[in-house]
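> Dropping the sequence and predicted coords here.
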Amino acid sequence: MIAPFRAVAHPWLCDVMGHLTTRDYMAMFDDASYHALNAVFGWSGSDAEAGGTGFVDVRHEIDYVAEVRAGDLLEIRARLDRLGGKSVTFVYDMIILGREDRAARLTAVSVCFDTQARKAVALPEDWRSRARTFEGSSPGEGQS
């Protein structure tokens, strides 16, 4: 399990019904993805500029499970679900701390991307080797 991101559901992130907006769920999951990519591959956004290799998201599926209200403390836990030749699938669980309720789950597929050639490329072997130590780790163990 990787616990890459923590946040607070501030009132200004909530909609007129008093719960976290969809756009802010995505922002938090997106921020968490950078931390997960760093933990698993050692990659950071500055590597995309310097080395020309980055990631592009090609699929997101979100399940909203419990309401997130202003003041809730959140942690996003990640697990590497699948390591492909060019792609990686992560599952992210947003947990409401204190209650340990899962608020949402995002399944995301990202593709390794050459920022110069603007096309998908194979995951470098050293990244694949490093990532194998994370396969099968489980986010939010004991969560429903």
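Looks like it came in fine.
> What helices and strands are in contact with the helix or strand of the chain with the lowest mean pLDDT?
Every helix and strand of the chain was ranked by mean pLDDT, DSSP states H and E. The lowest is helix 45-51, at a mean of 75. In terms of contacts (3 or more CB pairs under 8 Å, 6 or more residues apart in numbering; DSSP states H and E), helix 45-51 is packed against strand 53-64. Yep, even glycine has a C-beta here, placed from its N, CA and C like the rest.
> Sheet partners, orientation included, of the strand it packs on?
strand 101-114 (antiparallel) (DSSP bridges).
> List the buried residues in the partner strand.
Neighbour-count burial for strand 101-114 flags D101, R102, A103, A104, R105, L106, A108, V109, S110, V111, C112, F113 (criterion: 16 or more other CB atoms under 10 Å).
> Quick one: end-to-end length of stretch 59-72, please.
27 Å (CA to CA, to the nearest Å).
> Now find how far off-centre the least confident helix or strand of the chain is within its chain.
Chain-centre distance of helix 45-51: 19 Å, with CA atoms, centre = their mean, to the nearest Å.
> what does it rub up against?
Y34, T53, G54, F55, T115 (CB atoms under 8 Å, 6 or more residues apart in numbering).
> coming back round to it: now the buried residues of strand 101-114 in CSV, with pLDDT and distance to R82?
Listed next are these as CSV, based on pLDDT from 0 to 100; distance: CB to CB, whole Å:
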residue, pLDDT, distance to R82
D101, 92, 26
R102, 97, 20
A103, 98, 23
A104, 98, 20
R105, 98, 15
L106, 98, 14
A108, 98, 11
V109, 98, 8
S110, 97, 11
V111, 97, 12
C112, 96, 13
F113, 93, 17
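> Let's have those in CSV, adding distance to L83.
Below are the buried residues of strand 101-114 laid out as CSV (distance: CB to CB, whole Å):
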residue, distance to L83
D101, 29
R102, 24
A103, 27
A104, 23
R105, 19
L106, 18
A108, 14
V109, 11
S110, 11
V111, 12
C112, 11
F113, 16
